[in-house]
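K.L.:
Here is the input, now give the coordinates:
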Amino acid sequence: MLSINNNLGKSFFLYGHGGTGKTFLYNAIITKLKSLSKIVIVVASSGIAATLLPNGTTAHSRFKIPLHLDNTSTCSIKKGTHLAELICEASLIVWDEAPMTHRHAFEAISRTFCDLMEIPLSGTGHKLFGGKTIILGGDFRQTLPVIADSGREQTVDGSITRSPLWNSFQMLRLSKNMRLNDSQENNVIVGCVLKFGEWVLALGDGKLDTNSFSSNTPSDWIEIPEIFMVIPGKNPLQSITEEIYESFADCYKDTKYLRGRAIVTPTNAVVIEINDYMLQQLPGEGHCYYSSDSMHLDKEVPESFSETYPTEFLNTLSFNGVPDHEIRLKVNTPVMLLRNLSPPSGLCNGTRLMITSLGQNSIIGNIMGGSFDGKPVAISRILLNIEDKKWPFILKRRQFPVRLCYGMMINKIQGQTLDKVGIYLPNPVFSHGQLYVAVSRVRSAAGLRFLITNEEGVPGNHTRNIVFSEAFTDITGN
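P.N.:
Numbers count the residues shown, from 1 in each chain. Here you go, the predicted model:
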């Protein structure tokens with residue numbers, strides 16, 4: 001408040017692991033400032049996190065951050081526009097899940113704000129973010145910026161902690177896990193040594209004991225305590241779904257029941273298997289929606305080239321974050337949005353809906369969770385232009401931007417709090433923080449279950465836990 005009241009333009013980073021109350025603190029600060037008639041711009045790096053904050057939207061949408069960033073990028077905000085005036089009048093910027101965003105995005109925003117506020121970019125009179133007070137928040141144990149075709153070094157280098165801006169941030173720490181504080185399960189001892197909350201943090205820090213493994217076991221593999229393991233049957237998929245969605249036949253219409261649970265996994269192919277299986281358990285007739293697919297060719301490419309890739313082939317293409325050619329739905333199924341349709345209305349990438357009606361040209365549903373919980377919305381087909389280095393064309397697909405969400409990719413639950421989480425690992429995680437994100441979303445130890453199998457489907461209790469320890473160096477100072 002001192003920074004805001006005296007126009008000091010300080011930069012803060014609110015650091016805390018899952019459940020420590022970051023969202024609660026954001027809301028308290030935002031409510032206080034709004035009661036004083038001050039303007040607060042609220043954004044998040046992910047759509048689902050944005051819906052948990054009042055008037056939240058995605059940072060890329062709000063600040064017009066370019067898709068392709070480098071160390072000289074700026075945002076597409078022109079002086080004199082409504083957005084430019086809003087930024088100039090704002091007293092505070094709140095940005096949740098900041099570690100997910102590449103450092104070049106923050107640098108681009110700082111340059112843009114300086115331009116809008118007519119502040120020098122360097123030298124005498126320079127102020128970060130144009131002199132705006134800003135609060136970034138998040139947990140570096142969770143997923144870091146996703147950089148295509150990059151390795152460990154590039155991922156860590158993309159973190160905000162590697163930016164020249166970082167030294168100007170004041171660190172504020174939250175350490176008490178309020179999500180587990182009132183739960184008796186927090187007293188469950190993991191491995192007869194650690195409490196559940198401490199076990200989760202040790203996993204996130206990459207400090208779980210691996211001494212019991214043979215010399216042939218990779219150093220980043222860990223043993224999951226038996227109390228978290230699902231007893232596998234002949235069909236692992238059936239075992240994990242029945243464990244997480246118990247009494248499904250009686251509760252499949254219950255929004256609260258569905259909102260509080262999910263099965264998560266690292267790969268999109270397994271997500272599809274989970275959702276197809278759950279859809280079969282749901283009574284009633286379904287509706288199948290097919291996309292309209294075509295390709296856009298460069299002017300220099302002859303028209304005859306299109307014969308090489310007929311429409312039937314285009315229909316088979318599948319991409320992460322893109323709706324499939326064929327979508328099967330039923331009334332009372334939960335779906336997740338795959339695009340930011342209207343963030344101010346709660347329709348963000350990651351927003352979950354409960355389907356209430358299926359039409360030919362629209363889908364009706366109620367938002368599940370967040371500040372727009374229960375709000376009825378209508379979803380129409382949208383046109384998506386999809387570029388992929390594998391193909392010498394741009395795929396143009398018109399389809400409903402939704403996907404069933406009984407099962408989800410691990411990164412899709414970041415920012416959420418659930419009653420029951422099933423972690424299904426026919427394949428181990430492949431990136432920093434994925435396993436930590438999955439285990440830290442649950443309210444209590446009683447709600448966490450693992451099912452781990454190898455390529456032959458044989459169950460086990462060892463899995464990979466990838467932690468880039470160097471990502472913490474600039475935070476801890478050691």
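K.L.:
Pairing partners for the nearest residue to Arg173 once chain neighbours are set aside in the sheet, please.
P.N.:
Nearest non-adjacent residue to Arg173, counting by C-beta to C-beta, 6 or more residues apart in numbering: Tyr15, 5.2 Å away. Every residue, glycine included, has its C-beta placed from N, CA and C. Note on Tyr15: beta-bridge partners by DSSP bridges are Gly138, Arg173.
K.L.:
Tyr15 contacts Gly137, correct?
P.N.:
Yes: between Tyr15 and Gly137 there is a contact at 7.4 Å, judged by C-beta atoms under 8 Å.
K.L.:
Quick check on the closest residue to Arg352 other than its chain neighbours: phi, psi?
P.N.:
In space, and not counting its chain neighbours, Arg352 is closest to Met368: 4.3 Å by C-beta to C-beta, 6+ apart. The phi/psi pair for Met368 (degrees, to the nearest 10) reads phi -110, psi 120.
K.L.:
again with Asp157
P.N.:
Dihedral pair for Asp157: phi -70, psi -20, per degrees, to the nearest 10.
K.L.:
so what pLDDT did it get?
P.N.:
If you check Asp157, the pLDDT there is 94.
K.L.:
ok, it - contacts?
P.N.:
Shown in contact with Asp157 (C-beta atoms under 8 Å, 6 or more residues apart in numbering): no residues.
K.L.:
How far away from the center of its chain is stretch 77-90?
P.N.:
Distance of stretch 77-90 from its chain centroid, counting by C-alpha atoms, centre = their mean, to the nearest Å, is 28 Å.
K.L.:
cool, and stretch 454-464?
P.N.:
26 Å.
K.L.:
could I get it in CSV with only the CA atoms?
P.N.:
These are the backbone C-alpha positions of stretch 454-464, laid out as CSV (Å, rounded to 0.1, in the frame of the first residue of the first chain):
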residue,chain,number,x,y,z
ASN,A,454,5.1,-49.8,-17.4
GLU,A,455,4.9,-50.2,-21.2
GLU,A,456,3.6,-53.8,-20.7
GLY,A,457,0.9,-52.6,-18.3
VAL,A,458,2.6,-54.1,-15.3
PRO,A,459,1.9,-52.0,-12.1
GLY,A,460,4.6,-50.5,-10.0
ASN,A,461,5.3,-47.8,-7.4
HIS,A,462,8.4,-46.1,-8.9
THR,A,463,8.1,-43.1,-11.3
ARG,A,464,10.1,-40.2,-12.6
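K.L.:
Please spell out which residues along it are buried.
P.N.:
For stretch 454-464, a neighbour-count test (16 or more other C-beta atoms under 10 Å) marks Pro459, His462, Thr463, Arg464 as buried.
K.L.:
Contacts for that stretch, please.
P.N.:
For stretch 454-464, contacts defined as C-beta under 8 Å, 6+ apart pick out 213, 217-218, 220-224, 226, 229, 232, 236, 425-426, 428-430, 435, 450-453.
K.L.:
can you pull the alpha-carbon coordinates of stretch 352-370 into PDB?
P.N.:
C-alpha atoms of stretch 352-370 as PDB (Å, rounded to 0.1, in the frame of the first residue of the first chain):
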ATOM      1  CA  ARG A 352     -14.700 -26.300 -17.300                       C
ATOM      2  CA  LEU A 353     -18.400 -26.500 -18.200                       C
ATOM      3  CA  MET A 354     -21.200 -28.900 -17.400                       C
ATOM      4  CA  ILE A 355     -23.200 -29.600 -20.700                       C
ATOM      5  CA  THR A 356     -26.900 -29.000 -20.300                       C
ATOM      6  CA  SER A 357     -28.000 -28.900 -23.900                       C
ATOM      7  CA  LEU A 358     -26.600 -30.000 -27.300                       C
ATOM      8  CA  GLY A 359     -27.800 -28.300 -30.500                       C
ATOM      9  CA  GLN A 360     -26.600 -28.500 -34.100                       C
ATOM     10  CA  ASN A 361     -24.800 -25.200 -34.000                       C
ATOM     11  CA  SER A 362     -24.300 -24.500 -30.300                       C
ATOM     12  CA  ILE A 363     -23.500 -26.200 -27.000                       C
ATOM     13  CA  ILE A 364     -25.100 -24.900 -23.800                       C
ATOM     14  CA  GLY A 365     -23.500 -25.400 -20.400                       C
ATOM     15  CA  ASN A 366     -22.900 -24.000 -17.000                       C
ATOM     16  CA  ILE A 367     -19.400 -22.900 -15.800                       C
ATOM     17  CA  MET A 368     -17.900 -25.200 -13.200                       C
ATOM     18  CA  GLY A 369     -15.700 -23.400 -10.600                       C
ATOM     19  CA  GLY A 370     -14.100 -20.100 -10.300                       C
END
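K.L.:
In it, which residues have enough neighbours to count as buried?
P.N.:
For stretch 352-370, a neighbour-count test (16+ other C-beta under 10 Å) marks Arg352, Leu353, Met354, Ile355, Leu358, Ile363, Gly365, Asn366, Ile367, Met368, Gly369, Gly370 as buried.
K.L.:
show me what contacts the third one?
P.N.:
Right, Met354. With contact set as C-beta under 8 Å, 6+ apart, Met354 has these partners: Thr255, Leu258, Asn332, Thr333, Pro334, Gly365, Asn366, Met368.
K.L.:
What of the second one?
P.N.:
With contacts defined as C-beta under 8 Å, 6+ apart, Leu353 is in contact with Pro334, Val335, Met336, Leu337, Gly365, Asn366, Ile367, Met368, Val377, Ile379, Val402.
K.L.:
rerun at 6 Å
P.N.:
By C-beta atoms under 6 Å, 6 or more residues apart in numbering, the residues touching Leu353 are Val335, Gly365, Ile367.
K.L.:
just checking, which of the residues you listed belong to strands?
P.N.:
Of these, the ones assigned to strands by DSSP state E are Val335, Gly365, Ile367.
K.L.:
three-state assignment of Lys176?
P.N.:
The assignment at Lys176 comes out as coil when based on DSSP: H, G, I helix; E, B strand; the rest coil.
K.L.:
How about it: what's its closest non-neighbour residue?
P.N.:
Looking at Lys176 with C-beta to C-beta, 6+ apart, the closest residue is Thr20, at 6.2 Å.
K.L.:
returning to that earlier point: if you look at the contacts of stretch 454-464, which of them are in helices?
P.N.:
The helices, defined by DSSP state H, take in Pro236, Leu435 from the contacts of stretch 454-464.
K.L.:
Which ones among the contacts of stretch 454-464 map onto strands?
P.N.:
Among these, the members falling in strands (DSSP E) are Trp221, Ile222, Glu223, Leu425, Phe450, Leu451, Ile452, Thr453.
K.L.:
Considering the residues you listed, which possesses the most neighbours?
P.N.:
Leu451 (26 neighbours; other C-beta atoms under 10 Å).
K.L.:
List the residues that contact that residue.
P.N.:
Neighbour list for Leu451: Val230, Pro236, Ile240, Tyr424 [criterion: C-beta under 6 Å, 6+ apart].
K.L.:
Does Gly447 touch Asp419 like I think?
P.N.:
Yes: counting by C-beta atoms under 6 Å, Asp419 is a contact partner of Gly447 at 5.3 Å.
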